[in-house]
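Asks: Fold the following.
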Amino acid sequence: MADNCCSSKGSEIERLARQGDQRRVLIVVLIINAVMFVAEFGAGVIAGSTALMADATDMLGDALVYGISIYALDRSARWKAGAAMFKGLFILLLGVGIVINVVVKIRTGIPPSSALMLIFGGLALMANAFCLRLLWGFRQQDVNMASTFECSRNDVISNVGVLLAAGAVALFHSPWPDIVIGSVMAVLFLRSSVRVIADATLHLRAI
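Replies: Below you'll find the model as predicted:
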């Protein structure tokens, strides 16, 4: 009986420690995303880049998402599933926003600054790759952390897209690479939102 008690206590301590690790990691990635949003969005406005502004907006969304994740960490399974649902809906909103931005860019047709896209796209890639590394060990912890990992993985893919767009803009002196990458990012976000919302729905129904 004493062995069972010690085993149960050890498991509880391990669970609490695990949540503490999650909280610290989420706080770090929240700060990184918030700082990078300010820097990247400002650069996107100056550069006139749809892809850069879309990527920066996603950084803001992730900062908000990580805040929700921190709030849901030590709460019930229903709270965690609800947080995942919020994240899915927010990703969906970002995808729609990018589509609108792409339409505006098509109407203006002005090539963005490829140099600024390369510099700040590269900085964002390094920041998000670091966040992804921090979140890797928690990606299967629960539905809340799984959806958080999904957001960070999307960021890395988006950053690579921004760099590809910057190179193509510099090569062809055309706004279309920026428009195409922005459109691909929109599709990525919309597909990701469907997966996250579907997963959260299943968990909510199972509770």
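Asks: helix, strand or coil for residue 75?
Replies: coil (DSSP: H, G, I helix; E, B strand; the rest coil).
Asks: And the helices in this protein?
Replies: 2-47, 50-72, 77-108, 114-135, 143-172, 176-206 (DSSP state H).
Asks: Using a markdown table, please lay out those helices together with mean neighbour count.
Replies: Heads up, the C-betas are built off the backbone N, CA and C, glycines and all. Converted to a markdown table, these look like this (neighbours: other C-beta atoms under 10 Å):
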| stretch | mean neighbour count |
| --- | --- |
| helix 2-47 | 15 |
| helix 50-72 | 24 |
| helix 77-108 | 19 |
| helix 114-135 | 20 |
| helix 143-172 | 22 |
| helix 176-206 | 19 |
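Asks: where are the low-confidence patches of this protein?
Replies: 1-19, 69, 72-74, 138-149, 151 (pLDDT under 70).
Asks: If we use 50, what do you get?
Replies: Applying pLDDT under 50 to the chain flags the ranges 2, 4-14, 16-17.
Asks: Excluding residues flanking it in the chain, which one is nearest residue 32?
Replies: residue 127 (5.2 Å; C-beta to C-beta, 6 or more residues apart in numbering).
Asks: I figured the one you found was touching residue 34, is that so?
Replies: No - with contact defined as C-beta atoms under 8 Å, residue 127 does not count as touching residue 34 (10.8 Å).
Asks: Which residues are in contact with residue 119?
Replies: residue 43 (C-beta atoms under 8 Å, 6 or more residues apart in numbering).
Asks: Check residue 121 too.
Replies: Residue 121 neighbours (C-beta under 8 Å, 6+ apart): 51, 52, 55, 159, 162, 163, 166.
Asks: same thing but 10 Å
Replies: Listed by C-beta atoms under 10 Å, 6 or more residues apart in numbering, the contact set of residue 121 reads 40, 43-44, 47, 49, 51-52, 55, 114, 158-167.
Asks: can you check residue 158 too?
Replies: Counted by C-beta under 10 Å, 6+ apart, residue 158 has contacts 51, 54-56, 58-59, 98, 121, 124-125, 128, 181-182, 184-185, 188-189.
Asks: can you rerun that using 6 Å?
Replies: The contact partners of residue 158, taken as C-beta atoms under 6 Å, 6 or more residues apart in numbering, are 55, 185.
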